[in-house]
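1. next come a sequence and a model predicted from it.
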Amino acid sequence: KAKTSLVSAKAFATFAVMCEDEDVKTKTTFMFKLYKGTARQAGKLSFHYASMLSLVAHDSEPATVEKGKFYLRNVFALMLKLRKQCAKAPLSLLHEKMLPWLLFILAVHPSFLDPEDSSSQVGLAFKKYLDLYFTALLQLPPEEQHCSAQLMILDFIKGTRISSEARGDADPKMVERNLNLLTEIAQRILVKAGGTKKGAAGLPTSKFVDASIFLDKNAPSPV
């Protein structure tokens, strides 16, 4: 059975940046542990942990970037294989659940919380992470990519804010800016890949998003 709640959301985001650690051994060891837990051990570690692998996108070593893509492709392929073995696939095997976790990691990423950085500058950096993630995902057969479903989930996320417990000390205004940028960039990628919102009408989007992280934007904040 997959371990879905090993750490808090805040700790999850903190661990994710280990994929960008300056120490090569630390970084590659962590990447392999993610890969081993999700792909080699058939989801012993919940599959959403594999979203962390996208953070190698800006690595200075092309081999490390390719390894991250390779690991992600294999995770997506395994999830598809396991789905096909089920009469009705559980949500844990649907890769739609991974994208919100990646958006959360990047929205609170410590490198993108400086108000001095322009939205265009930050957006370019985000696009590189998302390009890596979707490049791996779009290796699946077109009917298994679920682009339309992910567009609907992004629409849902647009109406949310990240909870104070999940974002920690990060400036909520910067986190909101980042989340807006990320959803816009991801939507453009998915539309280009052939996704349409009509293609997933009626999707129970909230089931794919962690309710402890993504709160209704219009709900009152706790005092």
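-> Noted; the coordinates are in hand.
2. need the strands for this structure, in chain order.
-> Along the chain, the stretches classed as strands by DSSP state E are 160-162, 214-216.
3. hmm, who's touching the last one?
-> Where contact means CB atoms under 8 Å, 6 or more residues apart in numbering, the residues beyond strand 214-216 that reach it are 100, 104, 157, 159-163. In this view, the C-beta of every residue, glycine as well, is placed from N, C-alpha and C.
4. rerun that using 10 Å as the cut-off
-> With CB atoms under 10 Å, 6 or more residues apart in numbering as the test, strand 214-216 has contacts from 9, 100, 103-104, 156-157, 159-166, 179, 206, 221-222.
5. just the buried ones from those, in PyMOL syntax?
-> Selecting only the buried members of those in PyMOL, with burial defined as 16 or more other CB atoms under 10 Å, works like this:
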select buried, resi 9+100+103+104+156+157+160+161+162+163+166+179
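6. which of the contacts of strand 214-216 fall in helices?
-> Among these, the members falling in helices (DSSP state H) are 9, 100, 103-104, 156-157, 164-166, 179.
7. where does this structure have low pLDDT?
-> 1-6, 43, 197-202, 221-223 (pLDDT under 70).
8. with adjacent residues omitted, what lies nearest to the residue nearest the centre of it?
-> With distances taken as CA atoms, centre = their mean, the residue of the chain nearest its centroid is L102 (2.0 Å). In space, and not counting its chain neighbours, L102 is closest to S51: 4.1 Å by CB to CB, 6 or more residues apart in numbering.
9. is that neighbour in contact with F12, as I believe?
-> Yes. In this structure, S51 sits in contact with F12. The criterion is CB atoms under 10 Å, and the distance is 9.4 Å.
10. good, wrapping up.
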